[in-house]
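[1] what follows is a predicted protein model with its sequence.
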Amino acid sequence: MAAVATTVTGKVEVIRDDRSKTLVAAADINAWQAIRKNTSGKWVLANATDAANSVGVHIALRTVKAGQALTGMRRGKLGGLAALGTYQAPLYLSDTSGTIQTTAGTVSVVLARVAASTGNVITDAHDKNVEVDCPF
């Protein structure tokens, strides 16, 4: 298992946003963590330990403290990530809360796939990005 991390602290680069939602964070959340809406309508960390914790997953787009507004992406393209692996490789929700990794957790949930870069050399010099397509 290899966890995928951001290369820039506190944010990821949004290359394309097809579907996102903004809610209040129930806890401190870091950019690129897997999040889901809790029964109070706030973001909490998601994990793949069971179906209840792995439904409606989004990707946090920036780092926030509890009580702050946070946008989570369900579908789109992100950059600024490290250790992506090969093209079209799946990235999974981990059993560790909030973590996205290269191997499946207990409940296998594919959150994204490694994609070729869009060539955005101004803000993202990476050759690979991530196509986010979280199941609902």
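    Nice, thanks for sending it over. Owing to the predicted nature of the structure, the values given are computational and were not obtained by experimental measurement.
[2] tell me which residue is most central in this protein.
    Centroid check for the chain by C-alpha atoms, centre = their mean gives I59 as the closest residue, at 3.0 Å.
[3] where does the protein have low pLDDT?
    Low-confidence segments of the chain, defined by pLDDT under 70: 1-13, 15-17, 82-85, 116-128.
[4] what about the strands in it?
    Assigned by DSSP state E, the strands in the chain fall at 5-6, 13-24, 34-37, 43-45, 58-60, 69-79, 81-82, 90-93, 100-101, 110-116, 128-133.
[5] list the buried residues in the last one.
    In this case it means strand 128-133. K128, N129, V130, E131, V132 (16 or more other C-beta atoms under 10 Å). Using the backbone N, CA and C atoms, a C-beta is placed for each residue, glycine as well.
[6] out of those residues, who's nearest G41?
    V132 (21.8 Å; C-beta to C-beta).
[7] does that closest one touch R75 like I think?
    Yes. With contacts counted by C-beta atoms under 8 Å, V132 reaches R75, the gap being 5.9 Å.
[8] and G98, how far is that from N47?
    7 Å (C-beta to C-beta, to the nearest Å).
[9] the more surrounded of those two?
    The neighbour count for G98 versus N47, taken as other C-beta atoms under 10 Å, is higher for N47 (23 against 19).
[10] isn't the more buried one right up against G105?
    Yes. The criterion here is C-beta under 8 Å, and N47 meets it with G105 at 7.0 Å.
[11] mutual contacts of the two, please.
    By C-beta atoms under 8 Å, 6 or more residues apart in numbering, N47 and G105 have these common neighbours: S54, L93, S94, D95.
[12] out of those residues, which is most surrounded?
    L93 (30 neighbours).
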